[in-house]
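K.L.:
Fold the following for me, if possible:
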Amino acid sequence: MRLFLIRHGKAVTAEIVMPDSERPLVVEGRKQVMRLAQRLQGLAIRWKLIQTSPFVRARETAAILRDAGLAPKAEPVAELAPAGELT
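P.N.:
Now for the predicted structure:
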């Protein structure tokens with residue numbers, strides 16, 4: 001099994017008053033993820049599933065990768081949140 005860890009694209013700054021878990025990607029962050037998706041497509045990278053933190057910016061990143069055809073499904077997993085516990 002191969003495990004790929006991908007960081008989300010640039011998100012709304014933490015200085016904006018909102019819960020950290022709700023900070024979405026900014027336009028630049030979406031573009032970053034789309035460029036990454038193109039590179040991964042060029043390398044013929046494909047996954048069966050993308051699992052992501054439930055944070056908005058992570059879910060948005062996973063959705064862009066999924067929509068680019070890198071996986072048929074993306075699902076949030078509570079254990080991948082910063083305070084989540086993997087068993």
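K.L.:
so what's the residue most central in space within the chain up against?
P.N.:
Central residue of the chain (Cα atoms, centre = their mean): Thr61, 3.1 Å from the mean position. Taking Cβ atoms under 8 Å, 6 or more residues apart in numbering as the criterion, Thr61 is in contact with Ile6, His8, Gly9, Leu25, Gly29, Val33, Thr52. In short, each C-beta sits where N, CA and C put it, glycine included.
K.L.:
which residues touch the closest residue to the fifth one other than its chain neighbours?
P.N.:
So that's Gly29. Nearest residue to Gly29 in three dimensions, chain neighbours excluded: Gly9, at 3.1 Å (Cβ to Cβ, 6 or more residues apart in numbering). Neighbour list for Gly9: 25-26, 28-33, 36, 57, 60-61, 64 [criterion: Cβ under 8 Å, 6+ apart].
K.L.:
please redo it, this time with the cut-off set to 7 Å
P.N.:
The neighbours of Gly9, taking Cβ atoms under 7 Å, 6 or more residues apart in numbering as the test, are Leu25, Gly29, Arg30, Gln32, Val33, Thr61.
K.L.:
and of these, the nearest to Gly69?
P.N.:
Using Cβ to Cβ, Val33 comes nearest to Gly69 of these, at 13.7 Å.
K.L.:
pretty sure that closest one contacts Ile64?
P.N.:
Yes: here Val33 reaches Ile64: they are 4.5 Å apart, a contact under Cβ atoms under 7 Å.
K.L.:
Quick one: the helices in the chain, in order.
P.N.:
Assigned by DSSP state H, the helices in the chain fall at 27-42, 56-67.
K.L.:
Would you format those helices as JSON lines with mean pLDDT included?
P.N.:
Below are the helices of the chain laid out as JSON lines (pLDDT from 0 to 100):
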{"stretch": "helix 27-42", "mean pLDDT": "97"}
{"stretch": "helix 56-67", "mean pLDDT": "98"}
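K.L.:
can you name the farthest residue from the center of the protein?
P.N.:
Relative to the chain centroid, the chain (Cα atoms, centre = their mean) has Val17 farthest, 22.0 Å.
K.L.:
how much space between it and Arg23?
P.N.:
Distance of Val17 to Arg23, computed by Cβ to Cβ, to the nearest Å: 11 Å.
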